[in-house]
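Asks: Take a look and give me a structure for this.
(chains A, B, C and D)
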2 protein chains.
Amino acid sequence: MTLETRLSAPRTGDHRAWEPLTGAARRIALEVLLDGPLSRRDLSRRMALSPGSLTRLTRPLLDSGLLVEAGSVEVGAPETAADATDGAGTSPRLGRPAQPLAVVPGSHHFIGVKLTGDHAYAALTDLRAEILAADDAPLPGHEPQDVLDVVAALTDRLVSRLAALSAGAGVTGLGVSVGGHVDGRSVVTDAPHLGWLDVPLGELLTTRTGLRTVVENDIVAVTEATHWFGEGHGCDRFALFTIGAGIGYGLVVHGEAVTSPEAGLSLLSHFPLDATGPTGPCGHAGCATAMLTIGALVTEGSSALGREVTYDQLLDLAAAGDPVASGVVDRAGRALGRMLAAVANLTMPERIVLGGEGVRLAQVAAAAVRDGLHHDRNPRTRDPEISLQSPELALWARGAAVVAIQSLVLGR
Amino acid sequence: MTLETRLSAPRTGDHRAWEPLTGAARRIALEVLLDGPLSRRDLSRRMALSPGSLTRLTRPLLDSGLLVEAGSVEVGAPETAADATDGAGTSPRLGRPAQPLAVVPGSHHFIGVKLTGDHAYAALTDLRAEILAADDAPLPGHEPQDVLDVVAALTDRLVSRLAALSAGAGVTGLGVSVGGHVDGRSVVTDAPHLGWLDVPLGELLTTRTGLRTVVENDIVAVTEATHWFGEGHGCDRFALFTIGAGIGYGLVVHGEAVTSPEAGLSLLSHFPLDATGPTGPCGHAGCATAMLTIGALVTEGSSALGREVTYDQLLDLAAAGDPVASGVVDRAGRALGRMLAAVANLTMPERIVLGGEGVRLAQVAAAAVRDGLHHDRNPRTRDPEISLQSPELALWARGAAVVAIQSLVLGR
DNA sequence: GCACTTAGTTCTAGTGCAGAACTTAAGGCG
DNA sequence: CGCCTTAAGTTCTGCACTAGAACTAAGTGC
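Replies: Down below sits the predicted model:
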């Protein structure tokens, strides 16, 4: 160990900065990373540690460049950060002002790649999962070798982009997400869209790119991103429901994502929502796929209107009051509401986050969604908070990057 | 502290035995309580502690009489316990034999009371939640005073029974469960069946009985009992679904019960299961209440058969092959299957535990339940394990006792 | 300027853990 | 029968981390 320490020069931002962290120091870094600038006093309260311990524990974190005292530094938006902290606290503005600690987002960088059946979407992020650059490429084939080539090429390009943005900075980790089942954040045991069974993608990419690589199911990855840095932040229990080409569903309970072997199986695709609804390709009448996916709505809308419309055109028409389009959209909205009622009844979340490329449905058909939600809910309940996520595709790649961030920060 | 130690004579089974426990010692006691006899070696592996620490930490637990070395003692079934441990391990039967540690179940006793709108059911249990005696009494009224009187009378009677069973033993804690919402395991904020709003039942009973008292929602309490000592034991994620006069639903995720403010609201009562089903008192067609409760099935069965039948008679007829009874029962079984599919799809449990007085439906209509389950499940999924719980009413009171046990063991 | 309040630091004593060496209790084997 | 092997459990020592007290720092209000 002493040998290794001597050999590797302690550069600022070196990813080794995390590794020797003891339990308490790790937790401090994690708290500050997730909950923005926090003073030592805040931390001592949160973690039930004495003030003295905080001085001792934070010093190496500051020395290593992972944290800074946000009061005296210009990272990102200095005043905003300071204001937020001051305003948020019990701020009697008395006594010595607190010295909030913040992570230096640029101290580490990560790359996330989301794989679909025919394309790879990549994003470069900082330690707080802010997207600095994005890129994508088609997959020439489904052989693991094809995918390795594409991911390596995307990674190379983003590494160069990062070098251009800030000289000397390197990438700490790579995260890859894929539809299907992933074991131990490393082995793709079953990915139907790629036709893969037991491909050790993590290992293959670690040797190919030289980056510490983790792999996770795509919806689990987005759920983690939503939990750590997104609309589910600070929530002990929330559900993520995405609408797009398909239906996605992720669950966080007790501050931790549920990662069952079934988490990647698109369990809600055939959830029954409207017995009188159209029948999807699966043969189920009025199932979630037939009622809510973009494809289903485009088909329904085009047939009802007597002409081909895109998803956005359909929603625009409904928003403008077109009765035919509204009929189609409201019916879907009502089905969405009943879906959310089922989620709320069975998982009791504090919040439900809606996302995916088709999330605009929830805005346009907001009243119908509420209707459907209340129809299947006990009137004594309070509605869960409902947050909408941006429909950007880059969020899927960001999810993969967050898994890489977690791997570093949690040390596993 | 030294003073206090000197003042309180260290009696065996004194409930103070738990209180000075430090974090690690508490966890050891908890592991041994929940996972039966464990050797120090087992514990050191589970808790990532050195063998030396185990010696140090277990000594006071043995001295206080909370634990015993199960190899040299006759508690309950000595040979069975020893065999189980030996058989379970990697048992190469080489080297020094492990000395399993076990809790002394009789070192503490608890009373649990379940309140309904018109009755109180009480149970006396040991530290492992085994029921030693049961009792019950009608409630003369809904005033808190009426309920206090009944609970105090039942408690007195069970304390006497305990004294008769084992001289000198006392009761460590009292748990009370009630349908409705309970705050902080103490205050009944809303109990519709009793017409209560914000009754500080925990405090009232603590002063009235002199026992450390905790209060919890009834279904949460049964869920905790199932989790710690019942069919959900050892499960990281499971759902409990009870069929009786109403529908009950509890959820454990990441080894912890979900206790949202909504957990006691009977959220699944109106869950839609069969659009063509009968309409319940709530006005929903084919909701869980209308399809699955004992009352609904008795009504359906009696009307279909043209004569009054009891629940058990209906199930007997169906089991014997009566086509009319089978029609009613299978339809309910199928609805139950679809209910379980929804639970499985949305919460991804390892196991679903079925309980309640009407649980026999799941046995008699097993094939229909499987049908309904598969109808709404992705064929790539594996069925969750399904366990049946005894339909005994005493389990509800046991649940209340378990909450009292938890209060002591977890120190909150 | 001075008291007051709260944040953060320094120092010391004590706790609790790991790790190594040792003891104990079995089976295997010549 | 005695010795070796294996694995569980114990004892002891050093170390890492923590709490707590006393102290310093940096502001506000009078």
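
Asks: can we go C-alpha only for contacts and neighbour counts from here?
Replies: Will do.

Asks: now the residue of the stretch 301-412 of chain A found nearest DNA strand C: how far from chain B?
Replies: Closest residue of the stretch 301-412 of chain A to DNA strand C, CA to the nearest atom of the strand: A:G411 (17.7 Å). Distance, A:G411 to chain B, using CA to the nearest CA, to the nearest Å: 16 Å.

Asks: Pick out the residue of chain A closest to DNA strand C.
Replies: A:G95 (2.5 Å).

Asks: Which residues does the helix or strand containing A:T58 contact?
Replies: Under the criterion of DSSP states H and E, A:T58 resides in helix A:51-63. With contact meaning CA atoms under 8 Å, 6 or more residues apart in numbering or on different chains, helix A:51-63 is reached by A:24-25, A:28-29, A:40-41, A:43-44, A:67-69.

Asks: Inside helices: which ones of those?
Replies: A:24-25, A:28-29, A:40-41, A:43-44 (DSSP state H).

Asks: Specify the local secondary structure of the residue of the stretch 51-200 of chain A found nearest DNA strand D.
Replies: The nearest approach of the stretch 51-200 of chain A to DNA strand D comes at A:R96, 3.2 Å away (CA to the nearest atom of the strand). Following DSSP: H, G, I helix; E, B strand; the rest coil, A:R96 is assigned to coil.

Asks: What is the burial count for it?
Replies: Each residue near A:R96 was counted by other CA atoms under 10 Å in any protein chain shown, and the total is 6.

Asks: Check A:T206 too.
Replies: A:T206 is flanked by 15 other residues according to other CA under 10 Å.

Asks: for it, what are its contacts?
Replies: Here A:T206 is in contact with A:212-213 (CA under 8 Å, 6+ apart).

Asks: just checking, it is part of a helix?
Replies: Yes. Residue state for A:T206 (three-state DSSP) corresponds to a helix.

Asks: if I look at it, how far off is A:V215?
Replies: Distance of A:T206 to A:V215, given as CA to CA, to the nearest Å: 11 Å.

Asks: For chain A, which residues are neighbours of chain B?
Replies: A:251, A:253-254, A:256, A:258, A:260, A:262-263, A:265-268, A:270-272, A:275, A:342-343, A:345-348, A:376-378, A:380-381 (CA under 8 Å from any CA of the partner chain).

Asks: Now do the phi/psi pair for A:S390.
Replies: phi -60, psi 140 (degrees, to the nearest 10).

Asks: quick one: contacts for it?
Replies: By CA under 8 Å, 6+ apart, A:S390 lies in contact with A:355-357, A:359.

Asks: Check the burial of A:D371 by counting its neighbours.
Replies: Around A:D371 there are 18 residues (other CA under 10 Å).

Asks: element containing it?
Replies: Using DSSP H and E, A:D371 falls within helix A:366-375.

Asks: Could you do A:E216 as well?
Replies: Counting by DSSP H and E, A:E216 is found in strand A:212-217.

Asks: Given that strand, what are its sheet partners and their directions?
Replies: Each strand that pairs with strand A:212-217, with its direction, by DSSP bridges: strand A:173-178 (parallel).

Asks: what mean pLDDT does the strand it pairs with have?
Replies: If you average the pLDDT over strand A:173-178, you get 98.

Asks: just stretch A:371-391 next, same as before
Replies: pLDDT averaged over stretch A:371-391 gives 94.

Asks: quick one: terminal-to-terminal distance for it?
Replies: Stretch A:371-391: ends 23 Å apart by CA to CA.

Asks: circling back to that earlier point, quick one: buried residues of the helix holding A:T58?
Replies: A:54, A:57-58, A:61-62 (16 or more other CA atoms under 10 Å in any protein chain shown).

Asks: In ChimeraX, select just the buried ones from the contacts of A:S390.
Replies: Buried subset of the contacts of A:S390, written as a ChimeraX selection, criterion 16+ other CA under 10 Å:
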select /A:355,356,357,359
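
Asks: Now the buried members of the contacts of helix A:51-63.
Replies: Neighbour counting by 16+ other CA under 10 Å classes A:25, A:28-29, A:40-41, A:43-44, A:67-69 among those as buried.

Asks: Closest one to A:V187 out of those, please.
Replies: A:A29 (28.6 Å; CA to CA).

Asks: What residues does that closest one make contact with?
Replies: A:A29 touches A:61, A:67, A:103, counting by CA under 8 Å, 6+ apart.

Asks: and it, how far is that from DNA strand D?
Replies: 13 Å (CA to the nearest atom of the strand, to the nearest Å).

Asks: ok, back up a step: so can I have JSON lines of the contacts of helix A:51-63 showing distance to A:V222 and pLDDT?
Replies: Formatted as JSON lines, the contacts of helix A:51-63 follow (distance: CA to CA, whole Å; pLDDT from 0 to 100):
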{"residue": "A:A24", "distance to A:V222": "27", "pLDDT": "90"}
{"residue": "A:A25", "distance to A:V222": "27", "pLDDT": "91"}
{"residue": "A:I28", "distance to A:V222": "24", "pLDDT": "93"}
{"residue": "A:A29", "distance to A:V222": "22", "pLDDT": "93"}
{"residue": "A:R40", "distance to A:V222": "31", "pLDDT": "92"}
{"residue": "A:R41", "distance to A:V222": "32", "pLDDT": "92"}
{"residue": "A:L43", "distance to A:V222": "28", "pLDDT": "93"}
{"residue": "A:S44", "distance to A:V222": "31", "pLDDT": "93"}
{"residue": "A:L67", "distance to A:V222": "26", "pLDDT": "92"}
{"residue": "A:V68", "distance to A:V222": "29", "pLDDT": "91"}
{"residue": "A:E69", "distance to A:V222": "31", "pLDDT": "89"}
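
Asks: In TSV: these, plus distance to A:V329.
Replies: Listed next are those as TSV, based on distance: CA to CA, whole Å:
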residue	distance to A:V329
A:A24	51
A:A25	51
A:I28	47
A:A29	46
A:R40	51
A:R41	51
A:L43	48
A:S44	51
A:L67	48
A:V68	49
A:E69	50
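
Asks: Would you enumerate the residues in contact with A:W18?
Replies: A:26, A:408-409, A:411.
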